[in-house]
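Asks: Sequence and predicted structure below; questions after.
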Amino acid sequence: MKLEIVQAGNPVLRQRARPLTPAEIPGKQIQNLIEAMRECMREAPGVGLAAPQVGLPLQLAVIEDREEYLKEATAEYLRERERRPVPFHVIINPALTELDGEKVEFFEGCLSLAGFSALVPRARRVRVECLDEHGNQKIMEASGWYARILQHEIDHLRGGLYIDRMYTKTFTSADNWAEFWKAKPIVEIRKNLDLGAV
Ligand code: ZN
């Protein structure tokens with residue numbers, strides 16, 4: 001199965017995905033889909049991929065933040081984002097709860113908005129209840145970049161995209177992000193774009 005990532009404008013990205021039944025999770029169709037999504041995510045490369053992004057309105061997403069993706073980043077960059085490697089795993093029919101009410105702001109991108117990025121506020125800590133690829137109940141608590149990935153992927157399963165949550169003035173091409181914004185602290189960016197104090 002060769003999957004293709006759909007881009008913004010495709011109605012499937014704005015649909016609420018349907019939950020999987022416990023009976024269909026171990027079936028060949030879903031197991032093959034998970035394998036194919038893992039390949040597709042690695043090829044992209046990305047740290048998460050939701051089924052609607054490959055044209056399927058199902059409540060299923062794959063997540064993996066590999067050690068090799070973090071090699072280029074400075075320790076400071078990783079520490080600010082609380083970004084650590086996350087092993088490959090699958091979330092199915094997730095329910096998300098934001099914990100503490102604390103928000104953090106960072107630039108993020110999406111494989112379905114290829115070549116763009118924006119500053120997006122997200123909860124720093126979340127709890128997710130879901131099923132795994134075997135249909136087993138799982139409860140995860142996550143913080144930092146992993147919490148951001150979970151929120152981003154679960155938005156996809158509700159028909160959401162980061163552009164619904166971004167500070168619109170910060171929307172940028174990925175090239176311009178690297179040239180003008182990447183090295184700037186978020187407080188300075190807020191000042192430059194007149195976003196107000198945190
Ligand atoms: Zn995305």
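Replies: Good, I have the coordinates. All values derive from a computational prediction rather than experimental measurement.

Asks: Can you get me a residue count around Asn136?
Replies: By the criterion of other Cβ atoms under 10 Å, Asn136 has 11 neighbours. To be clear about C-beta, it is placed using only N, CA and C from the backbone, and glycine gets the same treatment.

Asks: how close does it sit to Asp65?
Replies: Separation of Asn136 from Asp65 (Cβ to Cβ, to the nearest Å): 22 Å.

Asks: Dihedrals phi and psi, the closest residue in space to Lys169 that isn't next to it in sequence?
Replies: In space, and not counting its chain neighbours, Lys169 is closest to Leu193: 4.7 Å by Cβ to Cβ, 6 or more residues apart in numbering. When read as degrees, to the nearest 10, the backbone of Leu193 gives phi -100, psi 10.

Asks: I'd guessed Leu193 sits against Thr168; true?
Replies: No - using Cβ atoms under 8 Å, Leu193 and Thr168 do not qualify as a contacting pair, with a distance of 9.9 Å.

Asks: what about these two, which has more around it?
Replies: Shown here are Leu193 and Thr168; by other Cβ under 10 Å, Leu193 has more neighbours (14 against 9).

Asks: per-residue pLDDT, Val128?
Replies: With respect to pLDDT, Val128 scores 98.
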